[in-house]
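J.: Quick check, what structure comes out for this input:
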Amino acid sequence: MFSAIKKNIPNSITCLNLISGVMAIIFAFRFNYDFGSLKGYHIAYICIGAAAIFDFLDGAVARLLKAYSNLGKELDSLSDLVSFGVAPSMLLFNIVNFANQNTFDPWALAVLAIPVMGALRLARFNIDTRQTTSFIGLPIPAGAIFWIGLSEWFLTEGYPQNWVMAVLVIGMSLMMVSNMRMFSLKFKNFSLIENIKRYAIILAAILLVIFFGITGFMWTIFAYIILSMIHFEVIIDGEKKVNI
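T.: This next block holds a predicted model:
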C-alpha cells in the first residue's frame with residue numbers, strides 16, 4: 001500500500017499543476033474583474049506561477065522517491081500544455097479583445113499559436129533523447145513566464161497595434177519548436193564556472209523584476225535566449241574542459 005501511495009505522490013503534485021492551469025483560464029476570462037485588491041489577471045498570473053512551482057516539484061519529488069512512470073511523464077506534458085500553453089493564450093486573447101473594446105478581432109487568433117506550438121514542443125521533447133541535459137527550443141514553462149511579462153507590458157505600457165502583437169506572439173511561439181540549443185536551469189553542482197549562465201539568469205531575473213516589475217519576466221526570457229546563444233569553453237586546471 002505504501003508503495004502505491006509513494007508512486008502516486010508525484011502524479012498528485014502534477015494534478016495540482018493542472019488544477020492551477022485551469023484556474024488561470026477561469027480568471028483569464030475575468031481578467032478585468034476586481035477580486036479584493038487584485039485584478040483577475042493578477043490571479044491568473046499567480047495560478048500560472050503556482051503551476052510552474054508544482055511542475056518543478058513533481059519532477060524533484062519523483063527523483064527523490066524514485067517514483068518514475070510513463071503515466072507521470074504523459075500526465076506532466078498534458079498538464080504543462082494546459083497551464084503554460086492554453087492558460088496564457090486565453091489570458092492574451094482576453095487582453096486583445098479588451099483592447100479592441102470587447103469586439104472580436106481576427107488578430108486575436110494569433111494567440112492560438114501558443115498552445116499549438118507548445119503541444120508540438122512537448123510532444124517532441126517526450127521522444128527526443130538529445131534533451132536530457134539541455135533543451136532544443138524554448139521550454140514551454142519559460143514561454144509562460146514570457147507571456148505573463150508580455151501581458152503586463154500590454155496592460156501597463158499600452159497595447160500596441162494588432163499586427164505588432166501578432167508578430168511577437170507568433171515569433172515567440174515558434175521559438176518553442178526552433179532548433180536552438182538552450183541551457184537547462186537544473187544545477188548538477190554549485191560550481192560557479194560550470195553554472196555561470198544559470199547564476200547569471202537568476203541574477204538578471206531578480207534585477208529585472210525589481211526594476212521593471214512583472215514586465216521584467218518578459219525581459220528575463222529575452223536574456224535567457226541571448227545567454228543560450230553564447231557558447232564558450234573553459235579549461236580548468238589545465239585539463240578539464242567545460243562547455244558553457
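
J.: Who are the contact partners of the residue most central in space within the chain?
T.: Centroid-nearest residue in the chain, with C-alpha atoms, centre = their mean: residue 141, separated by 1.9 Å. Taking C-beta atoms under 8 Å, 6 or more residues apart in numbering, we find residue 141 in contact with 52, 55, 80, 84. (Each C-beta comes from the backbone N, C-alpha and C, glycine too.)

J.: what's the helix or strand for it?
T.: helix 140-157 (DSSP states H and E).

J.: Just after that helix, pick out the following helix or strand.
T.: helix 162-175.

J.: Return the set of buried residues in that following helix.
T.: For helix 162-175, the buried set under the neighbour-count rule, 16 or more other C-beta atoms under 10 Å, comprises 162, 165, 166, 168, 169, 172, 173, 175.

J.: mind putting the contacts of residue 141 in a markdown table, distance to residue 111 included?
T.: Output for the contacts of residue 141, formatted as a markdown table (distance: C-beta to C-beta, whole Å):
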| residue | distance to residue 111 |
| --- | --- |
| 52 | 19 |
| 55 | 21 |
| 80 | 17 |
| 84 | 13 |
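
J.: Give me the buried positions along stretch 32-49.
T.: Neighbour count says stretch 32-49 has 39, 40, 41, 42, 43, 44, 45, 46, 47, 48, 49 buried, by 16+ other C-beta under 10 Å.

J.: Quickly note the distance from the second one to residue 32.
T.: Spelled out, it's residue 40. For residue 40, the distance to residue 32 equals 6 Å [C-beta to C-beta, to the nearest Å].

J.: which ones among the buried residues of stretch 32-49 are found in strands?
T.: Here DSSP state E is the test, and the buried residues of stretch 32-49 give residue 39 as lying in strands.

J.: Which ones among the buried residues of stretch 32-49 lie within helices?
T.: In helices, judged by DSSP state H, the following of these are found: 40, 41, 42, 43, 44, 45, 46, 47, 48, 49.
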